[in-house]
Structure formats: structure tokens, C-alpha cells
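Visitor: just to be clear, the model below is a prediction. Sequence and coordinates:
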Amino acid sequence: MRRINALFKRSPKENSELTALLEQAENLSSTQKDWNAVIPAALKPYTRAGTLNHKRLTVFVESGAVAAKIKLLLPGLLIKLQKQGWEITTIRVQMQIKSSPRKAVKTQRYISPAAAETLGELAGKLSGTALGEALDKLSRHTATNHS
């Protein structure tokens, strides 16, 4: 394996590998930009445009559900890309499953002060029981305590 510095120190004629890599990166970036312009906003985070070979664009998706939705939208997406000047006849949808799923963000929920007061009263009546302790804990999760 060659060191990366050796690639940069070469003359432009000798640097054909780096030039080809740079050109491919620019093409992928341009493709992704155009793809983002035509894909619905809800699907953008779950898709990635790939290469364009032989008038066929490859699009990578994260799940079967996203793939199915894109396949339903293919005729319209194809027309939109052609209107942007793309010489494209087909779009290939390919699933690329990530090794670790995205972690769901938990939103903290709170109850209203009136509900907290009612739960607190009930917790007082049931004090000394597991239900009473649980209601007491729940009554302390009001919006005013955490805002």
C-alpha cells in the first residue's frame, strides 16, 4: 500500500489514479445533489444516489419499505431527472442495509399540573403501596417542573 503523500507529490501526469478518484467523487456529489432535488423530502435521509452507468442510475436505500415506495415513484422520478438534462433510461433500486440501526430518539413526556395534582392526591390515599409510589413518581413529571 502506497502512502497518501506519495500520491500528492507526483506530477499531474503521474497522478492519474488520484485524478480519476477525484472525478468520480465529484460525479457522485453532483448525482446526489440532483437526486435530492427530485426525491420527496421524507425519503431523503433513507436514500443515496450511486453511479450512473449505461444510462442507468443506481439508488441505494436502507429498507424494503423505502425501496417499495421509490419503485412506486420511479416513473415520475425518471421524468424529473430527464428534465434536468440527465441521459437516463432506468433507475435501479438496491437495498444497502446498515450494520447498526438508527437509535430512536425518546422524547420526554410530562403531564399537566392539574393532572399531577390529582395523581398526587390519589398517591397520598394509596401511600405505602406500590401503586401509590408509582403514582407519586408520575405526579412529579409535570411540564412546570421540567420547563
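Guide: Looks like it came in fine.
Visitor: now for residue 89, how many residues are close by?
Guide: Using other C-beta atoms under 10 Å, residue 89 is surrounded by 11 other residues. Just so you know, the C-beta spots here come from the backbone N, C-alpha and C atoms, and that holds for glycine as well.
Visitor: secondary structure class for the residue nearest the centre of the chain?
Guide: By C-alpha atoms, centre = their mean, the chain has its centre lying nearest to residue 45, at 2.9 Å. At residue 45 the chain is in helix, as set by DSSP: H, G, I helix; E, B strand; the rest coil.
Visitor: for it, give me the pLDDT.
Guide: Note on residue 45: pLDDT of 90.
Visitor: now do it against residue 98, distance only.
Guide: Going from residue 45 to residue 98 by C-beta to C-beta, to the nearest Å gives 12 Å.
Visitor: could you do residue 105 as well?
Guide: In terms of C-beta to C-beta, residue 105 sits 17 Å off from residue 98.
Visitor: more crowded one of those two?
Guide: residue 98 (8 against 5).
Visitor: can you tell me the closest non-neighbouring residue to that one?
Guide: Nearest residue to residue 98, sequence neighbours excluded (C-beta to C-beta, 6 or more residues apart in numbering): residue 62, at 6.3 Å.
Visitor: next secondary structure after the helix or strand where residue 22 lies?
Guide: Here residue 22 sits within helix 16-38, counting by DSSP states H and E. Once helix 16-38 ends, the next helix or strand along the chain (criterion: DSSP H and E) is strand 47-53.
Visitor: distance between that next one and the chain's centre?
Guide: Its chain's C-alpha centre and that of strand 47-53 lie 16 Å apart, by C-alpha atoms, centre = their mean, to the nearest Å.
Visitor: other SSEs contacting that strand?
Guide: Packing partners of strand 47-53 (3 or more C-beta pairs under 8 Å, 6 or more residues apart in numbering; DSSP states H and E): helix 16-38, strand 56-61.
Visitor: which helix or strand lies directly C-terminal to the shortest one?
Guide: In the C-terminal direction, the helix or strand that comes right after strand 56-61 (DSSP H and E) is helix 64-83.
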